[in-house]
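Visitor: this one's sequence-less:
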């Protein structure tokens with residue numbers, strides 16, 4: 001809480017000044033009222049309402065949600081809300097720990113928490129990818145895939161493999177992405193991979209093998225004129 005930071009600063013440097021002392025007393029009084037309000041709802045087993053009080057009235061901050069957890073450390077919903085707060089702050093590691101707690105408090109399974117763990121690992125991977133730390137990105141994309149199977153996760157991991165010239169692994173990921181979701185993104189990536197192999201074989205004068213790879217690329221993705229042009233060039237060589 002911003003107020004907490006100001007109180008701590010004032011207390012540290014001016015604790016004996018009367019206005020500061022009065023403000024500190026007012027702050028702790030307000031905090032105690034907040035705890036009592038939440039406690040009253042908890043005593044009535046109105047856990048969701050207590051979370052809503054914190055979320056709406058106190059800006060959904062992590063510190064306020066922690067008050068409920070102090071009173072009821074087994075509240076999976078509160079762990080979930082705090083994880084969402086931490087994700088919005090990009091405190092990803094802390095968010096994942098709270099999401100693990102949600103799963104533990106829910107008997108070992110919680111669909112939304114599991115989805116968010118996958119998405120959070122994906123967000124971490126994206127950061128590493130933007131920083132060109134592709135090995136670390138692959139590690140976290142792999143963690144994301146363990147929790148949620150999305151085509152985009154496989155495409156992004158495949159892109160990292162491709163950048164690192166691990167083409168066979170990229171091939172597997174692109175094929176998996178297409179299997180999960182039949183869209184142009186995965187198809188284009190796979191077609192471009194076949195196209196690159198075709199170009200390499202063409203440079204090596206392995207024209208028939210190159211034609212095979214270019215044909216594979218076209219069979220996957222038929223919307224690129226460049227793919228047809230590359231196959232036409234190699235077929236001219238075969239004809240000669």
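Guide: Okay, I see it. All of these numbers come straight from a predicted model, not from anything done at the bench.

Visitor: burial measure for the closest residue to residue 106 other than its chain neighbours, as a count.
Guide: Excluding the flanking residues, the one nearest residue 106 by Cβ to Cβ, 6 or more residues apart in numbering is residue 76, at 5.0 Å. Every residue, glycine included, has its C-beta placed from N, CA and C. Per other Cβ atoms under 10 Å, the neighbour tally for residue 76 reads 18.

Visitor: Was I right to think residue 76 contacts residue 102?
Guide: Yes: between residue 76 and residue 102 there is a contact under Cβ atoms under 8 Å: 4.9 Å.

Visitor: For the two, list the residues in contact with both.
Guide: Residues within reach of residue 76 and of residue 102 at once, by Cβ atoms under 8 Å, 6 or more residues apart in numbering, are residue 110.

Visitor: pLDDT weak spots in this protein?
Guide: Counting by pLDDT under 70, the ranges of the chain that qualify are 1-73, 238-240.

Visitor: hmm, 80 instead?
Guide: When residues are selected by pLDDT under 80, those of the chain lie in 1-75, 78, 85, 88-89, 238-240.

Visitor: related to what we said a few turns ago, gap between the residue nearest to residue 106 and residue 82?
Guide: Distance check for residue 76 against residue 82: by Cβ to Cβ, to the nearest Å, it reads 11 Å.

Visitor: in the protein, which spans are helices?
Guide: For the chain, the helices defined by DSSP state H occupy 2-14, 18-43, 47-57, 62-71, 76-88, 92-105, 111-130, 134-147, 151-163, 167-180, 184-203, 207-220, 225-239.

Visitor: what about residue 152, distance to residue 207?
Guide: Residue 152 sits 36 Å away from residue 207, going by Cβ to Cβ.

Visitor: Residue 221 too?
Guide: 22 Å.

Visitor: can you check residue 218 too?
Guide: Using Cβ to Cβ, residue 218 is found at 16 Å from residue 207.

Visitor: just residue 119 next, same as before
Guide: Distance from residue 119 to residue 207, by Cβ to Cβ: 46 Å.

Visitor: Also residue 173?
Guide: Distance from residue 173 to residue 207, by Cβ to Cβ: 29 Å.
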